[in-house]
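Enquirer: From the sequence below, what's the structure:
(chains A and B)
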Amino acid sequence: GENVEQHPSTLSVQEGDSAVIKCTYSDSASNYFPWYKQELGKRPQLIIDIRSNVGEKKDQRIAVTLNKTAKHFSLHITETQPEDSAVYFCAERGGSNYKLTFGKGTLLTVNP
Amino acid sequence: DTAVSQTPKYLVTQMGNDKSIKCEQNLGHDTMYWYKQDSKKFLKIMFSYNNKELIINETVPNRFSPKSPDKAHLNLHINSLELGDSAVYFCASSQDTRPSYEQYFGPGTRLTVT
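Expert: Numbers count the residues shown, from 1 in each chain, chains lettered A, B, ... in the order given. All right, here's what the predicted structure looks like:
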């Protein structure tokens, strides 16, 4: 896949609220969709991923949904906490190559 | 017990110089990557090696030359540095090229070209 659109670019929520970040992709052969969290000055770290044969995956307060027909996938964070503040990147891997294509990132700020 | 390490962490140099960044992973992974993260935080793949073989070579200036002496190491040499090369360069590794394997990132090297 060569094109991943990520929205919004910035998101500010109150502690305890939910946050949703959405990504769309163009390659119908894309088969793997990870989400990375990057805290300020730190390295990106994988927080959750989903494969193309699954529609939803949940890990505690984090969930990811995938709609292959519409070619979009979303990250949902519930009961947000200040330590969730970071830049979140979606990514996808096309069916015909080895590389991950990243979205441009969403700066999430959770206000206490 | 650092998984993916990079040296140096910071690199400040003048235009026209040649510099190298080194990466090592002790995870036993087969695949390693170089990413560039610009000032807008955009993260873009540059190169990838699998078992010392170049498998991803994105459109980057040929001033950038990767080298993998063995599976655990991937270095990046940059000739004739330019102002636009200023960025954070991340090394990463994964078990192999299969998509479901997590990519583990190094701490990054912040390159500043003056």
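Enquirer: all strands for the chain, in order.
Expert: Just so you know, I chose chain A. A:4-7, A:10-14, A:19-25, A:32-38, A:45-51, A:56-59, A:62-67, A:72-77, A:86-93, A:100-102, A:106-111 (DSSP state E).
Enquirer: You answered for a different chain; I wanted chain B.
Expert: B:4-7, B:10-13, B:19-25, B:31-37, B:43-50, B:53-57, B:64-70, B:73-78, B:87-94, B:104-105, B:109-113.
Enquirer: what's the first one packed up against?
Expert: The elements that strand B:4-7 packs onto, with contact taken as 3 or more CB pairs under 8 Å, 6 or more residues apart in numbering or on different chains; DSSP states H and E, are strand B:19-25, strand B:87-94. Backbone N, C-alpha and C define where each C-beta goes, glycine included.
Enquirer: hmm, back to that, in a markdown table: the strands of chain B, plus mean pLDDT.
Expert: As requested, the strands of chain B are exported to a markdown table (pLDDT from 0 to 100):
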| stretch | mean pLDDT |
| --- | --- |
| strand B:4-7 | 97 |
| strand B:10-13 | 98 |
| strand B:19-25 | 98 |
| strand B:31-37 | 96 |
| strand B:43-50 | 94 |
| strand B:53-57 | 90 |
| strand B:64-70 | 94 |
| strand B:73-78 | 97 |
| strand B:87-94 | 97 |
| strand B:104-105 | 96 |
| strand B:109-113 | 98 |
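Enquirer: and the ones you listed as CSV, adding mean neighbour count?
Expert: CSV is the format used below for these (neighbours: other CB atoms under 10 Å in any protein chain shown):
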stretch, mean neighbour count
strand B:4-7, 18
strand B:10-13, 14
strand B:19-25, 19
strand B:31-37, 24
strand B:43-50, 21
strand B:53-57, 14
strand B:64-70, 15
strand B:73-78, 20
strand B:87-94, 24
strand B:104-105, 22
strand B:109-113, 18
